[in-house]
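Q: What follows is a predicted structure for the sequence shown.
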Amino acid sequence: MQVRIKLFAALRERAGAREVELEMPEGALVADALERLRALTEGVPVVMAVNQEYADPGATLHGGDEVALIPPISGGAVGASHSRLTAEPLALDPLVERVRDPRAGAVVTFLGVTREVAELEYEAYAEMAERQMAEIVARAIERHGLCAAAVEHRVGIVPLSEASVAIAVSAPHRAEAYAGSREIIDEIKAKVPIWKKEEGEWARGVTPEP
């Protein structure tokens, strides 16, 4: 069977292509595909995503699966829940409007901005990233009893002092609002397939766990 594998960030640049194609036997595992790609991934800890979910090395591949190779991520849209990737500048006011709720006694916002360099460049596995962000927000709402949460993340070029990620959450009390906002940004940076290039180099990130 043929397996087409999407590439991102440093791996895309290393391969000189957005996809590679492997001919694999029926019943092949994720581990088998990773072994075949060792020359491409040398020195880069990677995981594989299958159908937009992080996959265990023992998972079986099937013809027609959507497969992507995920290098370490360095990334962060959600009224009761809103999540979005965008190439446009971010603004907090629209997110604050999305999370307004008569039950809320606190609204917490967060902006992550470019600092110290002229610009940053972000790349994302968009379909998976937006789904992962939506799941992160939904979990934070449930875990912390939030009224609503919204997050948007830039892709493309983000100039100095402009925001790359914007978050707004509302909750009955400030402690829950602060905790929910912190969890959302921490989870985005740890799990969402977004990559950051700074001064021509892809930033070192974390390898997400399947």
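A: Received the coordinates, thanks.

Q: what are the ranges of the strands in the protein?
A: 2-6, 19-23, 47-50, 53-55, 67-70, 82-86, 106-113, 119-124, 148-154, 156-159, 163-171, 194-198, 201-202 (DSSP state E).

Q: Mind putting those into CSV with mean pLDDT and mean neighbour count?
A: Using the backbone N, CA and C atoms, a C-beta is placed for each residue, glycine as well. As requested, those are exported to CSV (pLDDT from 0 to 100; neighbours: other C-beta atoms under 10 Å):
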stretch, mean pLDDT, mean neighbour count
strand 2-6, 91, 17
strand 19-23, 91, 13
strand 47-50, 92, 22
strand 53-55, 90, 18
strand 67-70, 92, 24
strand 82-86, 89, 19
strand 106-113, 97, 18
strand 119-124, 96, 20
strand 148-154, 96, 27
strand 156-159, 97, 16
strand 163-171, 97, 26
strand 194-198, 94, 21
strand 201-202, 88, 15
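
Q: Which one, of these, ends up nearest to Tyr178?
A: Closest of these to Tyr178 is strand 106-113, at 5.5 Å (criterion: C-beta to C-beta).

Q: Could you name the helices and strands sitting against the closest one?
A: helix 92-99, strand 163-171, helix 174-191 (3 or more C-beta pairs under 8 Å, 6 or more residues apart in numbering; DSSP states H and E).
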